[in-house]
Structure formats: C-alpha cells, structure tokens
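Asker: Turn this into a model:
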Amino acid sequence: MVAWNERFVDRETAGIALGEALKKHELRPPVVVLGLPRGGVLVAFQVALALGAPLDVMVVRKVGAPDQPELAIGAIAAGDVIVREPRMAAYLAGQDVPFEQLAQRERGELLRRERAYRANLPQLALGGKTAVLVDDGVATGCTMLAAVRAARKAAAAWVIAAAPVASHEAADLIGGEADETVFLNIPIDLHAISLWYRNFDQTEDGEVCELLGKSRQAGPTSASR
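Answerer: Below is the predicted model:
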C-alpha cells in the first residue's frame, strides 16, 4: 500500500498518518495496539489514540551478526519465539559463533525491557482479539515477523502488521504470515528507515515508559490483563 511520497516529519506525525489509514479498515473488535520498542512505540501511541484502543509493547530483539551487530540475522520475541533470516544461512556457515548462542545473548535484554516497560504488569491479553503490531519502519522484516508469531502464540484472533514504511522484501515476507499488512510506503529502494524521517532521533526507555503510562491512565480497559 503506497500512500505517502515524502519523508515524515517524525514518528508522531507518521503515527497519526498510520492511524488514519488503519481507521479506514474494518478492524475486528476488540483491538489491541502493540508497539515494537523502542521507536515503534512512539508511532503506536498515535495509532492507539486514533483507534481508541489500549496500547502495549511487543518486545522483540534483533539478533545481529557477530562481526556486524547492525546486520540482522534473525530476531527473538516473547514466548521463546525465534526467527532466523534465511538469506543469512550461507553467511553464518563461516562464523565461529552459532546462531543459538547469539540469540541467547539477546534474551537478557529482552527480559530487561519487558520488566522496565510493563512496570511489573503482564502483557495485555490477546486471546480472541485483533492485534495491531506497529513499528517505525520495517527493513529486513525479522523483528516484525517475530512479533507476528508471538501474537499468534498469544492466541490473537487476527494479526495486522503496520508501519509507515517497509521494504518490498519485508512486505512480502510479513504478508505471508500476517492476516493483514498496512504499510504507508513501500519504496523501490528503502536504503535505511531513517531516510524516511526528517527527525529520527534515538528513542530512550524513558519515552517508551512515559507513553505506556499515559495510555494505561487514559486508555480503555476493555482488553483485560
């Protein structure tokens, strides 16, 4: 779905645009919006406001290559969900560190973020609900795919993957597993997610916790924990 032909000002304006797009879809109630930390939560907050839905996080962690941490070779998510990037199989064959060991290193940070963001509260119940998974952009698709599988494992009835921008490869990958995808822009050449924002400052844990706190105080309570 290509609906935006210029850079977003920031994650907030991107979230407003994404929320408006999602409002045009007939989402099956009840709806729960889950942001992928950290940057995806800023987008998801605006989506949750637009949909009048509760907000939570779907904590996922990219698994990076041992010699290039920014190169995604997979991802992990809650519920012991593991996704391996199939295009990296040949690359990993020449590495001394197995994928399982690299994934284990990320589990500690995943658990830390779970505790920090939820303030000791359990994840919003997804059983029988529509889960709208939101990130600020989807490059390889590994983390969003892990989120989709985690939502399925949590018994969500309908899973939607949404983001302001996504690569063609990621859109195809995620479209094969999510019930629905909503991507405002699928450029021919993504290059980097940051290029699609005028302001793409790093998001801190404090910002994530603040937005989640606001949503808990003001949001609907129909999706019980």
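Asker: now for the longest helix along the chain, which elements pack on it?
Answerer: What stands out as the longest helix in the chain, according to DSSP state H, is helix 99-118. Counting by 3 or more CB pairs under 8 Å, 6 or more residues apart in numbering; DSSP states H and E, the packing neighbours recorded for helix 99-118 are strand 55-57, strand 60-64, strand 72-77, helix 205-218. All C-beta spots, glycine's among them, are computed from the backbone N, C-alpha and C.
Asker: list the contacts for Q202?
Answerer: The contact partners of Q202, by CB atoms under 8 Å, 6 or more residues apart in numbering, come to R38.
Asker: Check the secondary structure at it for me.
Answerer: At Q202 the chain is in coil, as set by DSSP: H, G, I helix; E, B strand; the rest coil.
Asker: Tell me the confidence at it?
Answerer: Here the pLDDT value assigned to Q202 is 93.
Asker: Tell me how far it lies from L55.
Answerer: Shown here: Q202 relative to L55, a distance of 21 Å by CB to CB, to the nearest Å.
Asker: same check, this time on E114
Answerer: Separation of E114 from L55 (CB to CB): 15 Å.
Asker: same deal with G79?
Answerer: 20 Å.
Asker: Would you mind telling me which of these two has the busier surroundings?
Answerer: Between G79 and L55, counted using other CB atoms under 10 Å, the more crowded position is L55 (27 against 14).
Asker: Isn't that one up against S215?
Answerer: Yes - counting by CB atoms under 8 Å, L55 touches S215, with 3.9 Å between them.
Asker: Mutual contacts of those two, please.
Answerer: Shared contacts of L55 and S215, defined by CB under 8 Å, 6+ apart, are found at F45, A48.
Asker: For the helices and strands packed on helix 99-118, give me JSON lines that also has mean pLDDT.
Answerer: Formatted as JSON lines, the helices and strands packed on helix 99-118 follow (pLDDT from 0 to 100):
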{"stretch": "strand 55-57", "mean pLDDT": "95"}
{"stretch": "strand 60-64", "mean pLDDT": "89"}
{"stretch": "strand 72-77", "mean pLDDT": "89"}
{"stretch": "helix 205-218", "mean pLDDT": "89"}
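Asker: Let me know how buried L190 is, in neighbour terms.
Answerer: Around L190 there are 21 other residues, counting by other CB under 10 Å.
Asker: For the nearest residue to it once chain neighbours are set aside, give me the pLDDT.
Answerer: Here the nearest residue to L190 in space, its sequence neighbours aside, is S167; by CB to CB, 6 or more residues apart in numbering that works out to 4.1 Å. S167 carries a pLDDT score of 94 in this model.
Asker: who's in contact with L126?
Answerer: V32, A151, A154, A155, A156.
Asker: From those, keep the buried residues only.
Answerer: Buried subset of these (neighbour count, 16 or more other CB atoms under 10 Å): V32, A151, A154, A156.
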